[in-house]
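Asks: Sequence plus predicted model, see below.
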Amino acid sequence: MKKSMALKSALFAASALVFFSTTNDKAYGNQTTSVEQGVAGISKILSDVFASSDDKVNEKIDKVYNTEIKSPFANLGVSKASSYVNIRSKPSTESKIVGKLYEGCAADILEWLEGDWVKIVSGDVEGYIASNYLACGKEAEKLADKFAEKYATVIRTQTLRVREEPNLESRTLELIPLGERFPIIEEQGEWVKILLSSDDQGNDFEGYVHKDYVDIEVIFQKAISIEEEQRRIREQQEAERAEAERLAEEEERRRQEEARKKEEARKQEEARKQAEAKKQAEAKKAAENKKEETKKSESSSSSSKSSSTGQEIASYAQKFVGNPYVWGGVSLTKGADCSGFVYTIYKQFGYTLDRVSRDQARSAGRKINVSDRKPGDLVFYTNNKGVVNHVAIYIGNDKIVHAANKRQGIIISKYNYRKVYCMRRVIG
């Protein structure tokens, strides 16, 4: 019995030595590091040792020491440059720059070369980087929590319960559909805490789902090619130009409205003086002229609104996908919350909605059946207390565009990524 306990202690020490022995900072393309994986294999070998006779112990221990435990980070490099490191077409600082690997972005290591260069591929970019700008192996693994994002995608069930606490007895907050993807806030044992949405009061709607029913992704940002970086800069400039044009048009409408009011006031004063100085017939004529002018103004405003369609609104709103979520914001480029995004989009087309989603759900247009949905309609959602806390714009093909949350910003989702509370139509 004492011999058996001593044998177990020795073998567990051997397994621990294998598990923790790889400490090199640099993990070359043909090397592995001991992290996360391989423990089950060691446990199997240990069980075989305990079941064997003493003359086979040394053979089993050798097998433990010779077991290769591969790390998922063995051939992964994470940029530790303070800003970014250039990716070059050849292993030389004189060669062409084909892309950039920003701090915290990851690349697959294809080959280690002499002269401290490494060949990598990241996203659509393949090239060479000076190796001193890459963290590899255990060093890369330590950077995962700082730079990688985690997402949970629903699998194995048509609808998954989101619970208030990480246990099966906890209250259900929401039902989410198969295939929908949500940001992970944290992991707690067999549960993950996910972010459903952020409302226009700055509150996050969060809950727990069981790991058995989600696929967890750990995602690093990838390198960007010079061409892609230039394209993104152009798109950002175009979005900012569209926003500047919208603001300029809004300012011009405000100026024209102010001038119209001043002119109206001037005419009213002139009509009053004429009424005092002239006959009653002339005063009546002035009043009729004023009434006709008011009708023309209302007709012009009505014509401007009726010329807009829900599809035009839906198409315009999609121009700002990728821009940030900012609680309390109403800027389409610098940041807006869910109701601020909807408010500003509709204001561009001459419609003034209430500012907050729960007020929009009561007063914006008219309520419609979900089955009658069309592009441009507003889609509302509630929190677990039944209070409206989120709004989106339906764009067709069962999709919405909305300022989702502070992690994802303005994105496109399925319209039923959460349970729909109601829909309203402002146009038509």
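Replies: Yep, that arrived.

Asks: Which helix runs longest in the protein?
Replies: helix 226-277 (DSSP state H).

Asks: Which elements pack onto it?
Replies: strand 97-102, helix 280-306, helix 338-348 (3 or more CB pairs under 8 Å, 6 or more residues apart in numbering; DSSP states H and E). For the C-beta atoms, the positions are set from N, CA and C on the backbone; glycine is no exception.

Asks: quick one, what contacts the closest residue to residue 344 other than its chain neighbours?
Replies: Excluding its sequence neighbours, the residue lying closest to residue 344 (CB to CB, 6 or more residues apart in numbering) is residue 330, at 4.9 Å. Counting by CB atoms under 8 Å, 6 or more residues apart in numbering, residue 330 touches 336, 340, 341, 343, 344.

Asks: where do the helices sit along the stretch 1-150 of the chain?
Replies: With DSSP state H, counting those that start in this stretch, the ranges of helices along the stretch 1-150 of the chain come out as 2-20, 39-51, 57-65, 137-147.

Asks: got any ranges where this structure has weak pLDDT?
Replies: In the predicted model, the chain carries pLDDT under 70 at residues 1-72, 283, 286, 289-290, 292-308.

Asks: mind running it again at 50?
Replies: 1-52, 64, 297-304, 306 (pLDDT under 50).

Asks: mind giving me the domain ranges of it?
Replies: For the chain, automatic domain parsing gives the domain ranges 2-65, 76-146, 236-306, 310-425.

Asks: and the direction of the longest helix of the chain versus that of strand 97-102, what angle?
Replies: 70 degrees (axes from the mean of the first three to the mean of the last three CA atoms, to 10 degrees).

Asks: Just the angle for helix 226-277 relative to helix 338-348, thanks.
Replies: 60 degrees.

Asks: Please settle this for me: is residue 400 part of a helix?
Replies: No: Residue 400 is assigned strand when assessed by DSSP: H, G, I helix; E, B strand; the rest coil, not a helix.

Asks: who's in contact with the nearest residue to it once chain neighbours are set aside?
Replies: Excluding the flanking residues, the one nearest residue 400 by CB to CB, 6+ apart is residue 392, at 3.9 Å. By CB under 8 Å, 6+ apart, the residues touching residue 392 are 338, 342, 378, 379, 381, 400, 401, 402, 413, 415.

Asks: Over to residue 363?
Replies: 353, 354.

Asks: do you know how far it is from residue 173?
Replies: Distance of residue 363 to residue 173, given as CB to CB, to the nearest Å: 27 Å.

Asks: same thing with residue 260?
Replies: Distance from residue 260 to residue 173, by CB to CB: 51 Å.

Asks: Between these two, which has more neighbouring residues?
Replies: Taking neighbours as other CB atoms under 10 Å, residue 260 and residue 173 compare with residue 173 leading, 19 against 12.

Asks: my read: the more buried one touches residue 165, true?
Replies: No: in this structure residue 173 lies outside contact range of residue 165 using CB atoms under 8 Å: 9.9 Å.

Asks: ok, back up a step: what I need now is the contacts of residue 330 written out in TSV, including distance to residue 359 for each item.
Replies: Output for the contacts of residue 330, formatted as TSV (distance: CB to CB, whole Å):
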residue	distance to residue 359
336	16
340	13
341	15
343	10
344	15
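
Asks: Of those - the most surrounded one?
Replies: In those, the most neighbours by other CB under 10 Å go to residue 341, 29 neighbours.

Asks: got the contact list for it?
Replies: Residue 341 neighbours (CB under 8 Å, 6+ apart): 317, 320, 330, 332, 393, 402, 403, 410.

Asks: Show me what residue 102 is bridged to.
Replies: Per DSSP bridges, residues listed as beta-bridge partners of residue 102: residue 84.

Asks: What number of residues are in the vicinity of it?
Replies: For residue 102, using other CB under 10 Å, the count is 15.

Asks: same check, this time on residue 188
Replies: Neighbours of residue 188 (other CB under 10 Å): 12.

Asks: phi, psi of it?
Replies: phi -130, psi 90 (degrees, to the nearest 10).

Asks: looking at the sheet around it, what are its partners?
Replies: residue 191.

Asks: That one and residue 78: what is the separation?
Replies: Applying CB to CB to residue 188 and residue 78 gives a distance of 26 Å.

Asks: Please apply the same query to residue 132.
Replies: 13 Å.

Asks: Residue 354 looks like it's in a helix, true?
Replies: No: under three-state DSSP, residue 354 falls outside any helix and is assigned coil.

Asks: Now for it: which residues touch it?
Replies: With the criterion set at CB under 8 Å, 6+ apart, residue 354 makes contact with 343, 360, 362, 363, 364.

Asks: Let's see that with 7 Å instead.
Replies: Contact analysis of residue 354 by CB atoms under 7 Å, 6 or more residues apart in numbering lists 360, 363, 364.

Asks: The first one touches residue 353, doesn't it?
Replies: What that stands for is residue 360. Yes: at 5.5 Å, residue 360 counts as touching residue 353 under the criterion of CB atoms under 7 Å.

Asks: Touching both of the two, which residues are there?
Replies: Common neighbours of residue 360 and residue 353 (CB under 7 Å, 6+ apart) are residue 342.
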